[in-house]
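>>> mind looking at a prediction? Sequence and model below.
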Amino acid sequence: SDDIVEKIQRRRILEKCHQLGHRLFLGQLELEIFTNFDPNSDESILSLQRRLADTYCSYDPPPKGDINPITEIFQNNANGKRVSQYRYLWSEVMSADAFEYLTCDEGKDLMLKGRVFRETLLELSGSKPMSENYKNF
């Protein structure tokens, strides 16, 4: 029934919002640790984590004393994946932009739009800076 479909859609939107909040939390925590955090200040790294969790994911913050988010950030950084959390966020933004572009106008000119997507993003990957390809798309 339509009511069940609507409930499922609302649930999926809510889950996506929670995922986005968690990604924003991790991304901001990562940036704060590597740009502004001063280990000699009055704010501990756990206090910083708690403050950002309250801002970005107050619905489900990490348990008090849980250092998993901080550990994940340091492990990613040690493995050469700097600002890895924002990579995920940007991929979400780019994915949403591509989806909107391809589905706007109720799918009219889908073949043309698909060709533009292929020629400006997929075929040129690596030959030009991604930011330039993305702007052209």
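Perfect, thanks for sending it.
>>> show me the helices in this protein, by range?
2-35, 45-56, 68-78, 84-103, 110-117, 130-136 (DSSP state H).
>>> any idea which residue sits dead centre in this protein?
L89 (1.9 Å; Cα atoms, centre = their mean).
>>> from G65, how far out is that one?
Counting by Cβ to Cβ, to the nearest Å, the separation of L89 from G65 is 27 Å. Glycine gets a C-beta too; all of them are placed from N, C-alpha and C.
>>> likewise for R11?
31 Å.
>>> what bits of the chain have low per-residue confidence?
83, 107 (pLDDT under 70).
>>> bridging residues for K128?
S125 (DSSP bridges).
>>> near it, how many other residues are there?
11 (other Cβ atoms under 10 Å).
>>> need the phi and psi values for the residue lying closest to G21 once chain neighbours are set aside.
In this structure, G21 finds its nearest non-sequential neighbour in C57, 4.4 Å apart by Cβ to Cβ, 6 or more residues apart in numbering. Main-chain torsions, C57, degrees, to the nearest 10: phi -140, psi 60.
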